[in-house]
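*Asks:* how would this look folded up:
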Amino acid sequence: MNHFLDIHKTEADALRGIIDQASAMKQARLGRPKGMPDDEQPLAGHMVALIFEKPSTRTRVSFDVGVRQMGGQTMVLSGNDMQLGHGETIADTARVLSRYVDLIMIRTFDESVLLEMADYADVPVINGLTDRTHPCQIMADILTYEEHRGPIKGKKVVWTGDGNNVCASFLHAAGQFGFDVTFTGPEQLDPEDEFVGLARKAGATVTIERDPVKAVAGADLVVADTWVSMHDSQSSKERRHNMLRPYQVNDALMAHAKPDALFMHCLPAHREEEVTSAVMDGPQSVIFDEAENRLHAQKAVMRYCLGV
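*Replies:* So this is what the prediction gives:
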């Protein structure tokens, strides 16, 4: 049984296999109506529970559609439906769900909820996002980069802004896929030392550079994410905007990256805040390919977890 909890917890060969399978499955669907099933139906007869403690657009739709395209069925549950860890322990919920479904995807706040679910479930568990990491997003990002520019190994990825959960999973991926990461942002929002250390131990070069212009010099990929969470107070939002304004990705900043550098953002984006519309809609942006590839990458992740 294979969980998919974090990129650094999955073997590099398995990760490469997931990316290759995702690419092959995407190619096999070219020109098909979105609702048409895949020729292969590896999830036929399988039931997948999709648990959302956090609101979701891309994660919910991409997992739901992916399961259906592969012949499986989904059961979508919200945190309100389940009251995870309140009315019943997470461990007991995991044991019960394992009697009903073949696979669990959970999008939650606290990483401990994910880990406890995996510890007590008798079926594979996928991390759809926690406050600390977002591995499915980065698998889609790597698939997207390699579609456009070939192998990501040896490339320079620049993360600008807040060293958040998506940044953390990029650091996990750096060691497993062999690329380097430069973080540029205010010191208060640096990525966790643990994640930087894991990447360096795995052989990746991780650089912290406060000057965004210096940071993006020679970049193959520039990545941004939202500056604020929907749960932040107004005063917190204002403080974060003041700290992060120098790190906005705009045409002037992208001009210092390589001429063929790509821009990514996991979406949703706040246009004219962390990134300008000129960049988002410009020739270097691959944000909508990136969003589509959540579907294909996650289909391959589910096949890996189920061994089908």
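*Asks:* what about the strands in the stretch 151-300 of the chain?
*Replies:* Using DSSP state E, counting those that start in this stretch, the strands assigned to the stretch 151-300 of the chain run over residues 156-160, 180-184, 206-208, 221-224, 262-265.
*Asks:* Check those for me and report the most buried one.
*Replies:* strand 221-224 (a mean of 28; mean count of other Cβ atoms under 10 Å). All C-beta atoms are positioned from the backbone trio N, CA, C, and that covers glycine.
*Asks:* Can you spell out which helices and strands pack onto it?
*Replies:* Strand 221-224 is packed against strand 156-160, helix 165-177, strand 262-265, with contacts defined by 3 or more Cβ pairs under 8 Å, 6 or more residues apart in numbering; DSSP states H and E.
*Asks:* Distance to residue 187 and mean pLDDT for the ones you listed - can I get that in TSV?
*Replies:* As requested, these are arranged in TSV below (distance: least, Cβ to Cβ, whole Å; pLDDT from 0 to 100):
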stretch	distance to residue 187	mean pLDDT
strand 156-160	14	98
helix 165-177	14	98
strand 262-265	23	99
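*Asks:* Tell me which of these approaches residue 113 most closely.
*Replies:* Using Cβ to Cβ as the criterion, the shortest distance between residue 113 and the helices and strands packed on strand 221-224 is 14.0 Å, found for helix 165-177.
*Asks:* For stretch 124-135, output the C-alpha coordinates as PDB.
*Replies:* What follows is the C-alpha trace of stretch 124-135 in PDB, where atoms were taken according to Å, rounded to 0.1, in the frame of the first residue of the first chain:
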ATOM      1  CA  PRO A 124      -3.900   4.600   0.700                       C
ATOM      2  CA  VAL A 125      -4.100   8.200   1.800                       C
ATOM      3  CA  ILE A 126      -3.300  11.200  -0.500                       C
ATOM      4  CA  ASN A 127      -2.300  14.600   0.800                       C
ATOM      5  CA  GLY A 128      -4.500  17.100  -1.100                       C
ATOM      6  CA  LEU A 129      -3.000  20.000   0.800                       C
ATOM      7  CA  THR A 130      -2.100  20.800   4.400                       C
ATOM      8  CA  ASP A 131      -0.900  24.100   5.900                       C
ATOM      9  CA  ARG A 132       2.700  22.800   5.600                       C
ATOM     10  CA  THR A 133       2.800  21.100   2.200                       C
ATOM     11  CA  HIS A 134       1.000  20.700  -1.200                       C
ATOM     12  CA  PRO A 135       2.700  17.800  -3.100                       C
END
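*Asks:* give me the beta-bridge partners of the closest residue to residue 301 other than its chain neighbours?
*Replies:* Counting by Cβ to Cβ, 6 or more residues apart in numbering, the nearest residue to residue 301 once its immediate chain neighbours are dropped is residue 4, at 5.1 Å. Beta-bridge partners for residue 4, by DSSP bridges, are residue 126.
*Asks:* who's in contact with residue 4?
*Replies:* For residue 4, the residues meeting the contact criterion (Cβ atoms under 8 Å, 6 or more residues apart in numbering) are 10, 124, 125, 126, 127, 135, 136, 301, 304, 305.
*Asks:* So which of those residues belong to strands?
*Replies:* Using DSSP state E, the members of these that fall within strands are 125, 126, 127.
*Asks:* count of residues packed around the spatially closest residue to the last one that is not a sequence neighbour?
*Replies:* Take residue 127 and drop its neighbours on the chain: the residue closest to it by Cβ to Cβ, 6+ apart is residue 5, 5.0 Å away. Here the number of neighbours of residue 5 (other Cβ atoms under 10 Å) works out to 20.
*Asks:* Let me see the contact set for residue 5.
*Replies:* With Cβ under 8 Å, 6+ apart as the criterion, the residues that contact residue 5 are 114, 115, 118, 125, 126, 127, 135.
*Asks:* Redo the residues you listed as a markdown table? Include neighbour count, pLDDT and distance to residue 276.
*Replies:* As requested, those are exported to a markdown table (neighbours: other Cβ atoms under 10 Å; pLDDT from 0 to 100; distance: Cβ to Cβ, whole Å):
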| residue | neighbour count | pLDDT | distance to residue 276 |
| --- | --- | --- | --- |
| 114 | 27 | 97 | 34 |
| 115 | 17 | 98 | 38 |
| 118 | 21 | 98 | 40 |
| 125 | 28 | 98 | 38 |
| 126 | 25 | 99 | 34 |
| 127 | 27 | 98 | 31 |
| 135 | 29 | 98 | 28 |
